[in-house]
Structure formats: C-alpha cells, structure tokens
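have a look at this prediction, sequence included:
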Amino acid sequence: MAVVQQTYRSNELDALFPTPSYPPHILAPSRYPGPSAETVEALIRVLKDNHTKHHIFFHDKPLHNHISHRALALYAIGASGSLIEEYYKQDSGRQRLAIAPPEAITEKNFIDHLGDNKYYFAYKAFFTKVLEEKGLSATLEEYIFSKKYNFIDGRDASAQPALLSRFLGSAFHAFIHVGYGAEMGIPGMVVEGLGMASVHEDEFLPPHLFDPSGIVEKETDRLASLFLNAKTSAASSQLEQRPGNHAFSILAKIQQDPEFSQKEVKKYFKDLEGLMSTHGDTIWRYAEEWTIDVSQPGEIERKMEECIWTNAVIYTVGEWKEGKGFTADFIFMHLVTPTIFLPSLLPYLTQNSQVLLLRAYFASTLGWWIARGFPGLDIQGFVDATSRLSESSEAKATNEFLDIVQSAITHPNDHMSKLQRAFAHFSSIYGTRPKGYFKDTGLEGAEALDGSLFLRAARLTEEFTNEGKRPFSQEAFPVKD
C-alpha cells in the first residue's frame, strides 16, 4: 500500500483538535494544575501531526498507536509542553505511516470493509463527516448501539457488523480514544476512535441485545433520565447498596461454576476469542444477571462504580499471590484504564445504551479475567499483606498521590500516566468508602475492602515497574494441573 500523509485545510484540523474543554460532568476526572498556553499549543501540534502522519496500528497486527493516549494523559496531570513533544518524538519513531485506502468509505460500502485496517483512513474520513453533521450523541447511538450496525437479520455470524463489539474489543483502545474525545471535547479523538473500532476484529455479542423489544428508551429520555445530575452526583458518596446482584456477586457465582473448571480454563489460556466462541453465552448470561434497575435513583451511577471497583479488584487482588506478592498484568491494566472514561461517555447516551454499554463492558471484563487464567481473589489476604501501604499513608502529612502522579509524568512506559491518573481519580471519588461497604455482596472477603484500594494499587504498580526498569507482565496466570 502507498504511504501517504493526509492533507487538511488548517480550519479543518482546528475543528478536529481544539483547545481541550472542561470535563463534561462532576464525576469525570478533573485536570491537574500546571498546563500553560504553551502546553496546549504543544499538545495540539502533537495530536494534529499524529492524526495526519500515522496509522492507528504499528503494523498489520493490531498493536495500537498510543501517542494521543499518552499526550492527553500527560496534559491532564500537568506535564509541560516540552515533555509532551519529547515523548512524541520518541513514540513516533516506531509508528506505521499513513497508508492510502483502496477506496473511500460510504454508507453503501460501510459494512464491506469492517475489520480491514487498510481502510482505517477511509473510515476516519467517513466519521469526520458524520460527526460534523450529527454530533457525538447521535453518532454513537447510530453506529455503536443500533441494531443496524450490530446485527443484520439473515447474515452469517461471521459477516455481522458488530460495531459495539469492535468498539470494546482489542482491550478497549477505541473506547479510550472516544472517551478522551468526550472528556476533553476533541472531535478528532472521536473520529480516530470510531475509525479504529471499524478496523478491529469483532468479538462475541449475543444478537438478542439489539432486539427492538428490549429498546424502550426514547432519544428525549437522555437528559431527563440521566443518572449524572447535580443532585445525585453531589450525594454519590451516600448512595446505598441496593438489593439484587452486585457485580461482586457475579464474580462469586462464576468462581463456583463447574463450567469454568481449571481443566476447562486451561484450554483457553490467553485465548479470549476461543473462550467466547465456546462459553460466550454463559459469560453473557452472567453479565445479564447483574442487576441494573434504572427505576432506582442513581442506579447507573451505582453500576458505573461497581464496574470500576470490579476491574480494580481483578487488577490488584487477582494479581496478588501469597508468598509471591503483586504482579502488574498487562491485560488487567487495560481493564482499569478505560473505566475512567465512563463518567464522560455515559451522559451522551440514551438510558438503554447506558445499560448496554455497562453490560458489554462487564461481560468483556469477565471474559478477560477467565482467559488470563481465572486468578482467585484472596481479598482478605491481599488487604492484610498490603496494610503497610495504607498505614504509611495515614502516618504521612503529605498526599501520596501527588508523588505518584509526579512519578508517572516522567515514567518511560506509555501506559503509566493513564493508569496512575485513573487510580488517583478513583481515590478522589471513592476513597472514602469504608470497610464493610461491600459486606453483603456475596464475594468472600469483600467486606475488608475500603477506599484505600486505589492507593494500594498505585503504589504496588509503582513498586513492580521499578521506575520503568521492569515492564508490565505479559505472562498472565497459568492454570495449574
């Protein structure tokens, strides 16, 4: 394929990459002090240059270009413009250059080239026009959450568009991209993210999710029924656990299911596609048992929190073993970093799509947890073994997260700024959760969890990576015979 640099009129690029806006809601992450006018100029230069020069994948395999993820995370936590540009120079050297697509993407041939990364720039151009015409909410509703772009009656399963699956697939990279766009008001990130989703492979989603009988919300319900309103969010720390299946309850149930015996899990070690092909119906059954009762005030906000805690627990407790300590797993890290964008994306969706997004995310979490070896969750053991981290924090007069975030700014790994920013934000909104908050969820040891989990996770990650001398682990958790 011919290498090409896309050309844009300056006003087109300016519209795609404006100065970042304020966060869309109180539960979205706030910005750290430090950025200047020069910082914003450097950030926008990097985003524009990356947009026109580079493909979204390093090469034919779907290893993702993380330039914008790191640049925006650094901006959000107060890094300087010169540092953002320095990392861009480092990261751009390994990128695949832009390639000219074989043809343009239109409504007529949109489905024909899904999953083919040669068409990335064509899908990006397509979504540039769509986003300009329809805006973010309508674009997401139509191309990610509608039946039309997910399941077409009469088509073979392998030929379905499955856009929601592609949006969350490949470890949530497209979701992160669009999440940044929603959080910071940057259309170019949305365009790139939707283009990326279009060239991802699809993963398992049951067709009945998009049956018209299950879609009861109207477009006008979005803001009226929105969980994220000022009154509810101001009292988010006081939301009570309600009867029904908590996300932790589902973790407890699936751990006891003989369908996921060690012998069976071993067959699909590091093989998410194979696992979902064989056991996807069961995994989705569990995801649908997770209670989401939208008639209850604050329910979507509550379930968003459960999703955040679940992924943080799998990353921290699932990666801790008595006698071995903590291992920072590469894939489990990718379960945590996207959850910071839920408060920014959910407000743009109808209530039905909010529920669908949360369930699909939760099902993906369950699938990855099992495919990475289905590690146990010794919560009490973890809490006891890592008590030094929370105790040292209480004994200090300074805010430990300030040191953690500062260290993440200069950390060589391009995921660290995203991850530590996420843990710092979760600590800011859920750090006051006391022991016993999760006592009735059915997950053994959950009553021992409190808001210090996020500080413990951040410190353990910092210790494991040893200031960049050790990478995140790719080994997962091999199942014993």
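Good, I have the coordinates.

going forward, measure contacts between C-alpha atoms and count neighbours the same way
Fine.

so what's residue 365 up against?
311, 335 (CA atoms under 8 Å, 6 or more residues apart in numbering).

quick one: it is in a helix?
Yes - Residue 365: assigned to a helix according to DSSP: H, G, I helix; E, B strand; the rest coil.

next one: phi and psi at the residue most central in space within the chain?
Among the residues of the chain, residue 338 comes closest to the average C-alpha position under CA atoms, centre = their mean, at 1.9 Å. Main-chain torsions, residue 338, degrees, to the nearest 10: phi -70, psi -20.

so who does the nearest residue to it once chain neighbours are set aside touch?
Nearest residue to residue 338, sequence neighbours excluded (CA to CA, 6 or more residues apart in numbering): residue 176, at 5.4 Å. Residue 176 sits next to 69, 193, 337, 338, 341 when contact means CA under 8 Å, 6+ apart.

ok, how many other residues are close to the last one?
In other words, residue 341. Per other CA atoms under 10 Å, the neighbour tally for residue 341 reads 22.

could I get the pLDDT score of it?
In this prediction, residue 341 carries a pLDDT score of 98.

and the nearest residue to it once chain neighbours are set aside, what is it in contact with?
Leaving aside its chain neighbours, residue 341 sits nearest to residue 179 (5.0 Å; criterion: CA to CA, 6+ apart). Contacts for residue 179 (CA under 8 Å, 6+ apart) come out as 190, 338, 341, 342, 344, 345.

same check on residue 363?
283, 284, 286, 287 are the contacts of residue 363 under CA under 8 Å, 6+ apart.

point out where the protein drops to low pLDDT.
Regions of the chain meeting the criterion pLDDT under 70 cover residues 1-8, 10, 60-61, 212-243, 392-395, 397, 480-481.

and the strands in it?
320-321, 325-326 (DSSP state E).

looking at the contacts of residue 176, which two lie furthest apart in space?
Among those, the pair separated by the greatest distance (CA to CA) is 193 and 337, at 15.5 Å.

skipping adjacent residues, who's closest to residue 274 in space?
Using CA to CA, 6+ apart, the nearest residue to residue 274 is residue 268, at 6.2 Å.

what about that neighbour, neighbour count?
Around residue 268 there are 18 residues (other CA under 10 Å).

could you check how far it is from residue 367?
Residue 268 sits 10 Å away from residue 367, going by CA to CA, to the nearest Å.

mutual contacts of these two, please.
Common neighbours of residue 268 and residue 367 (CA under 8 Å, 6+ apart) are residue 275.

so the residue nearest to residue 274 makes contact with residue 278?
No - using CA atoms under 8 Å, residue 268 makes no contact with residue 278, being 9.5 Å away.

ok, longest helix in the protein?
helix 120-143 (DSSP state H).

helices or strands up against it?
helix 187-199 (3 or more CA pairs under 8 Å, 6 or more residues apart in numbering; DSSP states H and E).

check which helices and strands the helix it packs on sits against.
Using 3+ CA pairs under 8 Å, 6+ apart, helix 187-199 is in contact with helix 10-16, helix 120-143, helix 163-184.

how about the strands of the chain in JSON lines, adding distance to residue 374 and mean neighbour count?
Formatted as JSON lines, those follow (distance: least, CA to CA, whole Å; neighbours: other CA atoms under 10 Å):
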{"stretch": "strand 320-321", "distance to residue 374": "13", "mean neighbour count": "20"}
{"stretch": "strand 325-326", "distance to residue 374": "16", "mean neighbour count": "18"}
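
nearest to residue 86, out of these?
Once those are compared by CA to CA, strand 325-326 is nearest, at 31.5 Å.

nearest residue to residue 23 other than its sequence neighbours?
For residue 23, the spatially nearest residue (CA to CA, 6+ apart) is residue 183, at 5.3 Å.

show me the contacts for that neighbour.
Residue 183 neighbours (CA under 8 Å, 6+ apart): 21, 22, 23, 24, 28, 341, 344, 345.

now do 10 Å
20-25, 28-30, 340-345 (CA atoms under 10 Å, 6 or more residues apart in numbering).

ranges for the helices of the stretch 151-300 of the chain?
Assigned by DSSP state H, counting those that start in this stretch, the helices in the stretch 151-300 of the chain fall at 163-184, 187-199, 221-224, 230-234, 247-255, 262-267, 272-289, 299-316.

just send those helices back as TSV, with distance to residue 399 too.
Shown next, in TSV, are those (distance: least, CA to CA, whole Å):
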stretch	distance to residue 399
helix 163-184	25
helix 187-199	32
helix 221-224	37
helix 230-234	23
helix 247-255	30
helix 262-267	42
helix 272-289	37
helix 299-316	21
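
what's the closest of those to residue 205?
helix 163-184 (6.4 Å).
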